[in-house]
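> Below are the sequence and a predicted model; questions follow.
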Amino acid sequence: MELRDRDLISIQEARELAAKALVAQQKFARFSQEKVDAVIEAVAKAAAAEVETLARAAVEETGYGNVPDKILKNQVGAIEVPNAIRGMRTVGVINEDKEKKILEVAVPVGVICAIIPVTNPTSTAIYKTLIALKARNAIVLSPHPGAVRCICQTAKLLARAAVGAGAPEGIVTCMERNTLAGTQELMRSPEVGLILATGGTGLVRAAYSSGKPAYGVGPGNVPAFIEHTANVHKAVADIFAGKTFDYGTLCSSEQAIVAEEAVRDAALEECRKQGGYFLNADEARAIGELIFPGGSHAPSPKVVGRPATHVAELAGIKVPAETRVLIARLDGVGRQIPLSGEKLCPVLGFYSVPNLAAGIDVCTQLLRHGGMGHTASIHSQDAAAVREFGVAVPAFRVCVNTASTHGSVGYSTNLFPAMTLGCGALGGNITSDNIGPQHLMNLRRVAWESRPVEHRTISAANRMNAPAAKVAAAVSANSSGATVKPTNPQSQPSPAATSTGVPDRAAIAHAVEHVMAHLGIARGAATSGGTKPAATATVSTSSAAKPAATATNVSPFVTEGDVRRAVTRGEKIFIGPKTILTPSARDVAGSENVIVLTDYVPPARAATSSE
């Protein structure tokens, strides 16, 4: 039977690619570090050679962004990512803590389902393929329906390079007949070990609800704060560079300028000089309705990744031809003010605040409105102000004196170069990191014993019922090795037991407290042979009498802790017929030569009114 339904065809393709990828990954998982790195270098070289071709293919198919900036994005994936992961160990033992005696062994997660967005199609495909292969995983790309051709073109290029370097067939594949049903089938596939999702909020939520581990990203609503000590000219230049890069298609591009009043006028003037067009109230309303038609949450595809002049034209607004960014003066944040949200095109909000504290407050409101955990930026020459801002704002990437677009992805900062930026728990993501190979493998830990385990030889049910005679038989004699003569078992206190033979712990505890109170001693009062003699007692042995114990060093109550301390110090614990020996102390003492049994009985004390 021939399949004709698009969803059924896509589902079948997803199943076949996942099965093929698993076979390839199981072979690839056995590669040495040298062979894995050779594959990475071959794939990166092939991608770097075609960055312009792939950039043009992306712009032609999607209509988003521009070729020069798409080339730079592709270079981040093809050049910066390989540079960052070169030398990273992902095979065998990757770390050894000799002091703690722990080895860490890299284990790949298996087959990765990679969701690729329409806004950054080829660059994201390159980046995700490289970090997946570095961790010895196979990868199946699930392209956005609006960018299937350019993403599959990229995947085929990378797959040829990988196989040419020795990787198995099927290690890199792409769904060519992709539908939502096909993507969902791929995410739920039993062969898939992890989902790497970059896309809209709905798609990321679908990945999280698939039942598979998933790394997703949240939306960005990036505020750029200009503090009063900033180099205002550079600050505005950086903000405009980030906002106009690929016409605002990256989620980490700036969405609003927040300027301190001390530099507000200078910032406004710099915006005008550098190609900013300030919208009046009616124009701002028109732009807001264009970007968010009908009060929608997401920007209209008509404006995403389009230049400012094109956006203005769509709204019926005449602007100078050299206009780079449209700017709206705003007073608040929220759904009632559409332009306070993420716009994904060269449109900025502009806020004025009296001081740093107020700036942090507005930036926090903007992030809460649609960018929790993502990215913020600050332009300042005051290290204390930068620190205060960085500690306070709810963003996991805070870029300082640079464009947030370039800084967040590691192009103009030393952050890991990535096209998938986690937003942490604040943004509903599992991590706040820039995703790299380290997130696409598990660690097996091999750990040696560092503290000895107590080996119990008496069952828990019988431990407290052991007769006193067995105590004397279980413990060793003094240092000469003589066997201790057991005393009369009837002279030892026997714990109360229930009808089932299980010790009544409450009764035992009461008896212990009563004896201790009668003798006027506190818990842990056991003494050892180091105590100064005061009176003598006779040690009973099967041979000649040994040196006598004293009244002061005969312990009325012995715990496991007392025995362990005596073992550590190389001391003896003297006990008499009236000594209470806890079950755990008896167990430990059974394998140690620390307890000496004597005939000493403490003199009776007069009863008190409390007895």
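Done, it's in.

> Which residue, neighbours along the chain excluded, lies closest to residue 260?
Nearest-residue entry for residue 260: residue 228, 4.4 Å, with adjacent residues in sequence omitted and distances by C-beta to C-beta, 6 or more residues apart in numbering. The way it works is simple: take the backbone N, C-alpha and C, and place the C-beta from them, glycine included.

> burial count for the one you found?
Residue 228 is flanked by 19 other residues according to other C-beta atoms under 10 Å.

> Could I get the full set of strands for the stretch 351-500 of the chain?
Along the stretch 351-500 of the chain, the segments classed as strands by DSSP state E, counting those that start in this stretch run 373-379, 395-400, 441-447.

> The residue nearest the centre of the chain and residue 197, how far apart?
With distances taken as C-alpha atoms, centre = their mean, residue 431 lies nearest the centre of the chain, 4.8 Å away. As defined by C-beta to C-beta, to the nearest Å, residue 431 lies at a distance of 13 Å from residue 197.

> Identify the contacts common to these two.
Among the neighbours of residue 431, those also in contact with residue 197 (C-beta atoms under 8 Å, 6 or more residues apart in numbering) are residue 215.

> burial count for the closest residue to the residue nearest to the centre of the chain other than its chain neighbours?
Beyond its immediate neighbours in the sequence, the residue positioned closest to residue 431 (C-beta to C-beta, 6+ apart) is residue 422, lying 4.1 Å away. By other C-beta under 10 Å, the residues close to residue 422 number 23.

> mind listing what residue 422 touches?
The contact partners of residue 422, taken as C-beta under 8 Å, 6+ apart, are 215, 216, 217, 373, 396, 429, 430, 431, 432, 433, 434, 435.

> re earlier: what about the residue nearest to residue 260, which SS state?
Reducing the assignment to helix, strand or coil with DSSP: H, G, I helix; E, B strand; the rest coil, the entry for residue 228 is coil.

> Likewise for residue 107?
The local conformation at residue 107, judged by three-state DSSP, is strand.

> Please report how far the residue lying closest to it once chain neighbours are set aside lies from residue 172.
If you skip the residues right next to it in sequence, residue 107 has residue 442 as its closest partner in space, 4.6 Å away by C-beta to C-beta, 6+ apart. For residue 442, the distance to residue 172 under the criterion C-beta to C-beta works out to 21 Å.

> what about the two, which has more around it?
Counting neighbours by other C-beta under 10 Å for residue 442 and for residue 172 shows that residue 172 has the greater number, 29 against 14.

> So the nearest residue to the more buried one once chain neighbours are set aside versus residue 351, what's the distance?
Spatially, and ignoring its direct neighbours in sequence, residue 172 is nearest to residue 159 (4.0 Å; C-beta to C-beta, 6+ apart). Taking C-beta to C-beta as the measure, residue 159 falls 48 Å from residue 351.

> what about residue 123, helix or strand, and which?
Secondary-structure element containing residue 123, defined by DSSP states H and E: helix 121-134.

> which strands and helices sit next to that helix?
In this structure, helix 121-134 makes packing contacts with helix 33-49, helix 51-62, helix 67-75, helix 81-85, strand 111-116, strand 138-143, helix 148-164, strand 172-174, judged by 3 or more C-beta pairs under 8 Å, 6 or more residues apart in numbering; DSSP states H and E.
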